[in-house]
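J.: Sequence and predicted structure, then a few things I'm wondering about:
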Amino acid sequence: MNRNLLEKGFIPQEICTHIPNGFEDVEEISSSLHKILANNQISSVVNEIDQEKDISSLSASQLERAMLLYSYIGHAYMWGKEDIDDIIPKNIAITWYKISEKLQRPPILSYASYALNNWSLLDESKPLTVENIKILQNFLSGVDEDWFIMIHVAIEHEAKNILGSLKKYFLDEDTEKGNLEDALVSIKEINKIMNRMPEKCDPYIYYNRVRPYIFGWKNNPATPQGVIYEGVEEYKGKPQLFRGETGAQSSIVPALDALLGVTHSNDPLREYLDEMRLYMPKDHRELLNNLDEWSEKNRNNLDIHKDSVMIINDLIDEVHAFRDKHLEYARVYIFEQSLTNNSNSNIVGTGGTPFMKYLDKHLQETVPKND
Ligand code: HEM
């Protein structure tokens, strides 16, 4: 198991903000994507993109940058035209596919591009706080879109403290109570950041201007058969069905569930969350699978942690508080918005699940152990 990932956190060590050579056209389009979308020019600019790019010499961080650029342009093309069609032109499809093969996740916008690799520090001399995060790439741009992503990035950054402390306690078996106390401080900090979402991300703007661009093409009424990636020989001209971007592709909550022994009985959201792992960076996905195995073996081993059951339960209560706030956001930012607007469906999330019922079920399952 790659335990060190828990201490480092899921944000990469190095984020590329610009690919120096060979990607000038996509870099330029991405930098003015909001204007291109406002002027209805996405089809014409995509058709000008140089079809086949050499990705062989890209470093790991440049490859992530390339994935981000193609994912944003691809989604702008899919959802930013007046008429939705179901073919992604070869000008982007071929290179997007090649990058995705190398990264071992599908050619679609995923959380790793939308949040984990999509920021830098505004002031490099200062620590990471919500206000010191600069988002690199947007669709329409604006404070609500930035803030929505900034909150995710700040949570990911803080999460390395709780995950690192829980790793020491449970995996390294350094059963110092201080490790659990540190973890508790960290999850409380995560919840403080989570509570700040409404400060600058307005539900109406989120629902109407941010969310429409992050949908996928699986279980989406706009693309019932999926989407063809033109010129990608490996797909043999067949439409592909991929899920959209969602916080459910973050590894934090599944890692916490596994470490704290929170389980969910089978339901469509659980199946969907398992599927979401395919959209995560490969090392995150492998870590979660290893943690699940560990959890399965150790879950009933509470005897060795008897003295700490109370504080472990406090931690579970905080994960419950996170899920409770999250459910409130799903209601206020999506469900209630959908009641006043027919333009995008209330029934399914960006990933395509009937979310209200099952987010609530997962909240109810986040319960302390008997002490
Ligand atoms: C306005 C804010 C947010 C809204 C409206 C929202 C909406 C949703 C929806 C509808 C789902 C259901 C599954 C899907 O459709 O993909 C979901 C799942 C999820 N989201 Fe969010 N989300 C928000 C913020 C966040 C943040 C900041 C995080 C932090 C990383 C996050 C993490 C998750 C996780 C982990 C799941 C899986 C559910 C679980 O395990 O309980 N979300 N979200």
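T.: Noted; the coordinates are in hand. Residues are numbered from 1 along each chain as shown.

J.: drop to CA atoms for contacts and neighbour counts, all remaining ones
T.: OK.

J.: Could I have the CA atoms of the lowest-mean-pLDDT helix or strand in the chain written out in CSV?
T.: Using mean pLDDT, DSSP states H and E, helix 336-339 stands out as the lowest-scoring helix or strand of the chain, at a mean of 90. Presented in CSV, the C-alpha positions along helix 336-339 are these (Å, rounded to 0.1, in the frame of the first residue of the first chain):
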residue,chain,number,x,y,z
GLU,A,336,-34.3,23.5,-5.0
GLN,A,337,-32.8,25.3,-8.0
SER,A,338,-34.3,22.6,-10.3
LEU,A,339,-37.8,23.3,-8.9
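
J.: how about that helix against the ligand, any contact?
T.: No. Counting by Cα under 6 Å from any ligand atom, the ligand has no neighbours in helix 336-339; the shortest distance is 10.4 Å.

J.: Just the buried positions in whichever helix or strand comes after that helix, please.
T.: Counting by DSSP states H and E, the next helix or strand C-terminal to helix 336-339 is helix 355-364. For helix 355-364, burial by neighbour count (16 or more other Cα atoms under 10 Å) applies to 355-356, 358-359, 362-363.

J.: cool, and stretch 220-234?
T.: 220, 223, 225-232.

J.: Dihedrals phi and psi, residue 58?
T.: phi -70, psi 140 (degrees, to the nearest 10).

J.: now the buried residues of stretch 220-234 as JSON lines including pLDDT, distance to residue 52 and secondary structure?
T.: Below are the buried residues of stretch 220-234 laid out as JSON lines (pLDDT from 0 to 100; distance: Cα to Cα, whole Å; DSSP: H, G, I helix; E, B strand; the rest coil):
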{"residue": "220", "pLDDT": "91", "distance to residue 52": "29", "secondary structure": "coil"}
{"residue": "223", "pLDDT": "95", "distance to residue 52": "26", "secondary structure": "coil"}
{"residue": "225", "pLDDT": "96", "distance to residue 52": "26", "secondary structure": "coil"}
{"residue": "226", "pLDDT": "97", "distance to residue 52": "23", "secondary structure": "coil"}
{"residue": "227", "pLDDT": "98", "distance to residue 52": "20", "secondary structure": "strand"}
{"residue": "228", "pLDDT": "98", "distance to residue 52": "17", "secondary structure": "strand"}
{"residue": "229", "pLDDT": "98", "distance to residue 52": "14", "secondary structure": "strand"}
{"residue": "230", "pLDDT": "98", "distance to residue 52": "13", "secondary structure": "coil"}
{"residue": "231", "pLDDT": "97", "distance to residue 52": "10", "secondary structure": "coil"}
{"residue": "232", "pLDDT": "97", "distance to residue 52": "11", "secondary structure": "coil"}
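
J.: quick one: which of those is nearest the ligand?
T.: Nearest to the ligand out of the buried residues of stretch 220-234 is residue 220 (Cα to the nearest ligand atom; 11.7 Å).

J.: before we move on, back to that, now the least confident helix or strand of the chain: how far from the chain's centre is it?
T.: 23 Å (Cα atoms, centre = their mean, to the nearest Å).

J.: same thing with stretch 305-322?
T.: The chain centre lies 25 Å from the centre of stretch 305-322; the measure is Cα atoms, centre = their mean.

J.: next one: stretch 273-281
T.: For stretch 273-281, the distance to the chain centre is 10 Å (Cα atoms, centre = their mean).

J.: can you give me the mean pLDDT across that stretch?
T.: The pLDDT scores in stretch 273-281 average 97.

J.: and if you look at stretch 32-41?
T.: Here the average pLDDT along stretch 32-41 is 98.

J.: distance between the ends of that stretch?
T.: 11 Å (Cα to Cα, to the nearest Å).
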